[in-house]
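In: Pasting a predicted model and its sequence here:
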Amino acid sequence: MERHITLPLTEELARTLHAGDTVYLTGEIYTSRDAGHKRMCEALERGETLPFDPQDATIYYVGPTPAKPGQVIGSAGPTTSGRMDAYAPTLMSVGARGMIGKGARLPEVVDAMKKYVGVYFGAIGGAGALLAKCIKKSELIAYEDLGAEALRRLYVEEMPLVVIIDSDGRNLYEEGRAAYLASRRQEKE
């Protein structure tokens, strides 16, 4: 199913998204990678608040390149999501609901998605320049010393994504592989 959705990613909205849905996302998202996630989780362990409100937030696993003159941001393709797996359940436990990246997730992350009604969106790897065209605003909000891994607030319009894992734990990677193998078996019969 094709969906055009506007953030924030509330629990109610998250429950309507299903593995395999094509989504065009509009609204505010945050950027962070492993170094930023580590800092956020350490801050939470110390009882500190995060530099943004995580409630119903969507985090894009990206380390954008510097913007060229006249651009909002440089190339902004997804990074491998597995690098955030150690931190994702903690961020979901404080309200973050959406994640954008590429690649498989650990069972612990899928369990947290089911518990906290999270959604994992897949972005197309290798299409960073095209994805950057969906980014209309970019603001550095924390961890400037991390460079490309700093925490940014982005405003995106019609960012093309696919729901890879939904809040029920349905996983497009697993379902797609199973469907492919079943079709291969039928061809051989």
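Out: Looks like it came in fine.

In: Check which residues of the lengthiest strand in the chain are buried.
Out: Criterion DSSP state E: the longest strand present in the chain is strand 151-165. Residues of strand 151-165 classed as buried: 151, 152, 153, 154, 155, 156, 159, 161, 163, 164, 165 (neighbour count, 16 or more other C-beta atoms under 10 Å). Bear in mind the C-beta positions are built from the backbone N, C-alpha and C, glycine included.

In: Next, format those residues as JSON lines and append pLDDT.
Out: Formatted as JSON lines, those follow (pLDDT from 0 to 100):
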{"residue": "151", "pLDDT": "96"}
{"residue": "152", "pLDDT": "97"}
{"residue": "153", "pLDDT": "97"}
{"residue": "154", "pLDDT": "97"}
{"residue": "155", "pLDDT": "98"}
{"residue": "156", "pLDDT": "98"}
{"residue": "159", "pLDDT": "97"}
{"residue": "161", "pLDDT": "97"}
{"residue": "163", "pLDDT": "98"}
{"residue": "164", "pLDDT": "97"}
{"residue": "165", "pLDDT": "98"}
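
In: The most centrally placed residue in the chain bridge partners, please.
Out: Closest residue to the average C-alpha location of the chain: residue 100 at 1.6 Å, with C-alpha atoms, centre = their mean. Taking DSSP bridges as the rule, residue 100 bridges to residue 60, residue 121.

In: what's the spacing between it and residue 87?
Out: Distance of residue 100 to residue 87, given as C-beta to C-beta, to the nearest Å: 15 Å.

In: returning to what we had before: now, among the buried residues of strand 151-165, which is nearest to residue 93?
Out: Ranked by distance to residue 93 (C-beta to C-beta), these are led by residue 165 at 17.2 Å.

In: thinking the closest one is in contact with residue 111, fair?
Out: No - the pair residue 165 / residue 111 is not scored as a contact, 10.9 Å apart, by C-beta atoms under 8 Å.
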